[in-house]
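Novice: Starting from these lines, generate the structure:
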Amino acid sequence: MARLLSAVLYWEGDEQEGKRLIESIPEGVIYHLDKKTELLEIKIEFKEEDFEVLREKVDFVLEQFGEIEDS
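Specialist: Modelled structure (predicted):
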């Protein structure tokens, strides 16, 4: 049975930081950069049979953003 995980993250920063972040986004992660607001919307969706592989992928993506704070 495959497990599906999806989440949408929003990141706000300057254009240079946005470019670096986009370059680090792994394959299979959908993103959209709003040029006017410099708001980067990232949709993460992984479908995996193996929970440990899923967890590793999620951890990798979250590391790209540093610490994520609750709003």
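
Novice: okay, CA-based contacts and neighbour counts for the rest of this
Specialist: OK.

Novice: Which other helices and strands does the lengthiest helix in the chain contact?
Specialist: In the chain, assigned by DSSP state H, the helix with the most residues is helix 51-65. Contacts defined by 3 or more C-alpha pairs under 8 Å, 6 or more residues apart in numbering; DSSP states H and E place helix 51-65 against helix 15-24, strand 39-48.

Novice: Point out where this protein drops to low pLDDT.
Specialist: Within the chain, the stretches with pLDDT under 70 are 1-15, 18, 28, 35, 37-40, 42-46, 48, 64-71.

Novice: what about dumping the CA coordinates of the longest helix of the chain to CSV?
Specialist: What follows is helix 51-65 as a C-alpha-only set of coordinates in CSV (Å, rounded to 0.1, in the frame of the first residue of the first chain):
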residue,chain,number,x,y,z
PHE,A,51,7.7,4.6,5.0
GLU,A,52,11.4,5.0,5.7
VAL,A,53,12.1,6.2,2.1
LEU,A,54,9.2,8.6,2.4
ARG,A,55,10.5,10.0,5.7
GLU,A,56,14.0,10.5,4.2
LYS,A,57,12.6,12.4,1.3
VAL,A,58,10.5,14.6,3.6
ASP,A,59,13.4,15.2,5.9
PHE,A,60,15.6,16.2,2.9
VAL,A,61,13.0,18.8,1.7
LEU,A,62,12.5,20.2,5.1
GLU,A,63,16.2,20.6,5.6
GLN,A,64,16.2,22.9,2.5
PHE,A,65,14.0,25.3,4.4
